[in-house]
Each structure stands twice: as structure tokens, then as C-alpha cells.
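Chemist: Structure here, sequence nowhere to be found:
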């Protein structure tokens with residue numbers, strides 16, 4: 001599973017400039033007035049130089065790293081870890097570190113101002129509260145993983161290019177409310193519509209149906 005996922009991630013990153021060019025070309029055909037407003041900003045020498053520099057640096061970086069990442073199977077952890085660790089990993093790590101120990105073990109010693117029976121009640125409530133939090137975070141990760149597998153399966157069967165990687169990342173990023181849906185759809189829908197082989201309105205509708213079905217399953221059942 002990992003070799004296919006890593007390969008798709010690296011190929012998707014390499015395909016991003018092509019996707020951007022196709023999106024701009026499609027916009028020029030269908031919404032020329034919008035591009036007329038944006039074009040002065042895109043043609044600004046400073047902005048253009050910055051974008052070209054970032055694109056070149058990214059290509060050079062992935063050109064050097066791609067063989068290593070493919071052979072080591074670390075592409076998934078490099079790409080997903082950078083995005084998720086900013087907001088999620090410190091919080092999740094904190095509760096995972098607590099999950100296999102009793103953080104309230106020495107709490108009663110720090111409550112000498114309470115009666116013994118009250119201290120026991122406080123320790124019990126704190127222990128229950130932390131247990132619920134740990135269970136919640138574990139459940140969110142499990143739901144995100146299940147959603148990612150379902151989305152990846154649906155996108156791949158529907159014929160979406162890089163469907164395995166996009167679907168799995170969409171599901172896992174849903175541990176942060178709305179983040180996975182916003183980022184995933186903003187990439188998956190243009191890709192489905194502009195995909196050279198089998199793309200178009202039909203594939204776009206298939207991706208929407210898959211997304212809605214997985215969201216409904218998550219909301220009603222998971």
C-alpha cells in the first residue's frame with residue numbers, strides 16, 4: 001500500500017504546475033473578465049519573480065529528494081507530517097502520552113486543603129475527564145483513517161488521477177474540522193474536471209457523489 005501511496009504523492013507534487021497551467025487556460029477561456037482583473041497582479045515583476053523562485057526551488061528540492069523518498073517510503077510522512085504537525089500533533093501527542101499512564105496518580109497529594117472524601121471525588125472526576133478526552137482524540141483519528149480509505153477507494157474506482165493519495169489525505173486531515181474537505185475539494189474537483197484522460201463534468205460529479213456519500217456515512221454512522 002505504501003509504495004503506491006508514496007508514488008502517487010510524488011507524482012501529484014510534480015503534476016501541480018501542469019494543473020495550475022490547465023486551470024489558468026480554462027479560466028482564460030471561460031472567465032476572461034476575472035483574469036483581466038487578476039492579471040496585473042500576476043504580471044507584477046516582484047510577484048512573478050517570487051512565484052518563479054518558489055516553483056524552481058520546489059522542483060529542485062523534489063528532484064533531489066524524490067528517489068530517496070520513494071526508496072525509503074517516507075514521502076507520506078514528509079508531506080502529511082509537515083501539514084498536520086503544525087496544528088494537531090502536539091495536542092494529540094500530549095493525550096497519547098497520557099493514555100497509558102495515570103496522570104492523576106499524585107493529584108491527591110496536591111489537594112491538602114480538601115477533605116479526604118472530597119479529594120477522592122476530585123481525582124475520580126479528573127480521571128474520567130482525561131479518559132473521555134483520550135477516547136475522543138483516538139476516535140477522531142480512527143474516523144479520519146476510515147474516511148480516508150473510503151475516499152481513496154471511491155476516487156480511485158471513479159478514475160481520478162492520484163485518487164489514492166488525495167482521498168487518504170482528505171480523510172486524515174478531517175481530524176481538523178473542515179480542513180480536509182476544503183483542501184481536498186479545492187484540489188480534487190479542478191483535477192477531476194481538467195484531467196486529460198477521462199476528465200470532465202462526469203468525473204467531477206463522481207467525485208462529488210463520493211465525497212457526499214462518505215460525509216453522510218461519517219455523520220450518520222461513524
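Modeler: Looks like it arrived, so ask away. All of these numbers come straight from a predicted model, not from anything done at the bench.

Chemist: contacts and neighbour counts: CA atoms only from here.
Modeler: Noted.

Chemist: Poorly predicted segments of this structure, please.
Modeler: Regions of the chain meeting the criterion pLDDT under 70 cover residues 1-2, 28, 30-44, 47-48, 50-89, 92, 95-106, 108, 110.

Chemist: ok, 90 please
Modeler: Scanning the chain for pLDDT under 90 picks out the ranges 1-141, 144, 155-204, 218-219, 222.

Chemist: Name the SS class of residue 185, please.
Modeler: Judged by DSSP: H, G, I helix; E, B strand; the rest coil, the three-state class of residue 185 is helix.

Chemist: what's the burial count for it?
Modeler: A count of neighbours around residue 185, defined by other CA atoms under 10 Å, yields 18.

Chemist: Might you report the residue contacts of it?
Modeler: Listed by CA atoms under 8 Å, 6 or more residues apart in numbering, residue 185 has no contact partners.

Chemist: Please tell me how far it sits from residue 22.
Modeler: Relative to residue 22, residue 185 is positioned 17 Å away (criterion: CA to CA, to the nearest Å).

Chemist: same thing with residue 3?
Modeler: With the distance defined as CA to CA, residue 3 ends up 28 Å from residue 22.

Chemist: I'd like to know which elements the strand or helix carrying residue 125 is packed against.
Modeler: Using DSSP states H and E, residue 125 maps to helix 116-158. For helix 116-158, the elements it packs on are helix 89-99, helix 163-173, helix 201-220, judged by 3 or more CA pairs under 8 Å, 6 or more residues apart in numbering; DSSP states H and E.

Chemist: That helix vs helix 201-220, what angle?
Modeler: An angle of 160 degrees separates the directions of helix 116-158 and helix 201-220 when computed by axes from the mean of the first three to the mean of the last three CA atoms, to 10 degrees.

Chemist: what about the nearest residue to residue 19 once chain neighbours are set aside, how many neighbours?
Modeler: In space, residue 19 comes closest to residue 191 once its chain neighbours are excluded; the distance is 6.9 Å by CA to CA, 6 or more residues apart in numbering. Applying other CA under 10 Å, we find 24 residues neighbouring residue 191.

Chemist: next one: the one 4 residues further on
Modeler: Neighbour count for residue 195, taken as other CA under 10 Å: 18.

Chemist: For it, grab phi and psi.
Modeler: For residue 195, the backbone dihedrals are phi -60, psi 130 (criterion: degrees, to the nearest 10).

Chemist: Buried residues, the helix or strand where residue 7 lies. List them.
Modeler: Residue 7 is part of helix 2-30, with elements assigned from DSSP H and E. Residues of helix 2-30 classed as buried under the neighbour-count rule (16 or more other CA atoms under 10 Å) are 3, 5, 6, 7, 8, 9, 10, 12, 14, 19, 22, 23.

Chemist: go on, stretch 213-222?
Modeler: Applying a neighbour-count criterion of 16+ other CA under 10 Å, the buried positions in stretch 213-222 are 214, 215.

Chemist: before we move on, back to that, could you check the angle the helix holding residue 7 makes with helix 163-173?
Modeler: Using the same axes, to 10 degrees, helix 2-30 lies at 90 degrees relative to helix 163-173.

Chemist: on contacts alone, who are the packing partners of helix 2-30?
Modeler: In terms of contact count using 3+ CA pairs under 8 Å, 6+ apart, helix 2-30 is assigned the packing partners helix 45-72, helix 75-85, helix 163-173, helix 179-194.

Chemist: circling back: can you say which of the helices and strands packed on helix 116-158 is packed in most?
Modeler: helix 163-173 (a mean of 26; mean count of other CA atoms under 10 Å).
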